[in-house]
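Asks: Structure for the following, please:
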Amino acid sequence: MFTSVQELAQKLRKAKYVIDPITLQVVYLASRMQKPLLVEGPPGCGKTELAYAVAAAGGTTVERLQCYEGITEEKAIGKFDESLQRIFLETEKESLGENWCVIRERLHSLDFFCEGPLLRALRHQDRPCVLLVDELDKVDHAFEALLLEILSAWQVTVPKLGTIKAETVPFVVLSSNEERRLGDPLRRRCMYLRFEYPTVEREIEILQVRSTNQEPALLGQMAGLAHALRGWNMEKPPSIAEMLDLAEALRLLGVKEIMPEQRDVLLPLLAKTEADRGRLLLREGFEGLIVDSKVYRDKLSRAGAAA
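Replies: Presented below is the predicted three-dimensional model:
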């Protein structure tokens, strides 16, 4: 998909995805070596967005399999369309006797198969797609095992349909929020990345690239606020995407600096559980976070001036 690290860096930057030099090189190697990329970390730290950024950089599409407890093989790979098969049999009923072998083979072909994201990813032509298997930690070991054939041989075997080999090898991103530990057979087939929430400096850079709000002091304060909130043991810490929402809300409100009296209007953007809301409603809670956000911002400003 990419001929050099420099090309990948330029195209990710154009896609407005901020990436550190080490992660950039790992993504490049995964692309060139056709190795799946396993990305683990807390929710909202940019794991899923990496897949979409690589797709944008590569000028291709994302085939997304959203995992959940109880997901089936049919949901992931696909299944035969029995209604369409019955219609076909009805139209061919006069020749069933003499052409049954041909008709049966046709019934069990891709013509009558509703493809799931795993199979669609293997059947992309001309240009590889990005296959995103999101929140893989939500499924059990049995479902995890069905991925092994795809990730090692780039093929999938379906009863009656047979073995379908990849027409192009997709760039695979497996994301996990670590609700359970993924198995070693899957891990050894992948390259591994660990994502954490960004530093204040990195979050400022993300806000500058992704946000329509370009007030430097305010962006610094928002990054400081995000850092303070995530260190506050919240039930649901704010994600990068939620901080981008906050930046847009502050732009629409014409706010140049976050103040304690804006607490109530900002609560729906910052607190997504009743427990977190209750803590932020405490006077010293929100005011303390605002003080911390300014401290982080001013510390960075002084460091920038000194440099």
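Asks: Show the residue spans covered by the strands in the stretch 1-150 of the chain.
Replies: 37-40, 62-66, 78-80, 113-115, 130-134 (DSSP state E, counting those that start in this stretch).
Asks: Check what pLDDT R181 gets.
Replies: Note on R181: pLDDT of 95.
Asks: thinking again about what came up before, so which of the strands of the stretch 1-150 of the chain is the most packed in?
Replies: Mean neighbour count (mean count of other CB atoms under 10 Å) peaks for strand 130-134 among the strands of the stretch 1-150 of the chain, with a mean of 25. Bear in mind the C-beta positions are built from the backbone N, C-alpha and C, glycine included.
Asks: Output the strands of the stretch 1-150 of the chain as a markdown table; include the columns mean pLDDT and distance to I103.
Replies: What follows is the strands of the stretch 1-150 of the chain, written out as a markdown table (pLDDT from 0 to 100; distance: least, CB to CB, whole Å):
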| stretch | mean pLDDT | distance to I103 |
| --- | --- | --- |
| strand 37-40 | 98 | 43 |
| strand 62-66 | 98 | 31 |
| strand 78-80 | 95 | 14 |
| strand 113-115 | 95 | 16 |
| strand 130-134 | 98 | 33 |
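Asks: Now do the same contact list for P260.
Replies: By CB atoms under 8 Å, 6 or more residues apart in numbering, the residues touching P260 are 286-287, 290.
Asks: which among the residues you listed end up buried?
Replies: Neighbour-count burial (16 or more other CB atoms under 10 Å) applied to those gives 286, 290.
Asks: The closest residue to L289 other than its chain neighbours: helix or strand, and which one exactly?
Replies: Once flanking residues are discounted, L289 sits nearest to A228: 4.9 Å by CB to CB, 6 or more residues apart in numbering. A228 belongs to helix 216-230 when elements are defined using DSSP states H and E.
Asks: For the helix or strand just after that helix, give the mean pLDDT please.
Replies: The first helix or strand that comes after helix 216-230 along the chain, using DSSP H and E, is helix 240-253. On average, the pLDDT along helix 240-253 is 94.
Asks: ok, now stretch 150-167?
Replies: Stretch 150-167 shows a mean pLDDT of 93.
Asks: and what of stretch 296-307?
Replies: According to the model, stretch 296-307 has a mean pLDDT of 76.
Asks: related to what we said a few turns ago, looking at the contacts of P260, spot the one nearest V5.
Replies: I290 (40.5 Å; CB to CB).
Asks: Leaving out sequence neighbours, find the closest residue to that closest one.
Replies: That would be P260: by CB to CB, 6+ apart, it lies 5.4 Å from I290.
Asks: What separation is there between the spatially closest residue to E115 that is not a sequence neighbour and A226?
Replies: Nearest residue to E115 in three dimensions, chain neighbours excluded: G78, at 4.4 Å (CB to CB, 6+ apart). Separation of G78 from A226 (CB to CB, to the nearest Å) stands at 40 Å.
Asks: coming back round to it: so what's the residue nearest to L289 up against?
Replies: 289, 292-293, 296.
Asks: can you rerun that using 6 Å?
Replies: Counting by CB atoms under 6 Å, 6 or more residues apart in numbering, A228 touches 289, 292-293.
Asks: are any of these buried, and which?
Replies: For the contacts of A228, buried by 16+ other CB under 10 Å: 289, 292-293.
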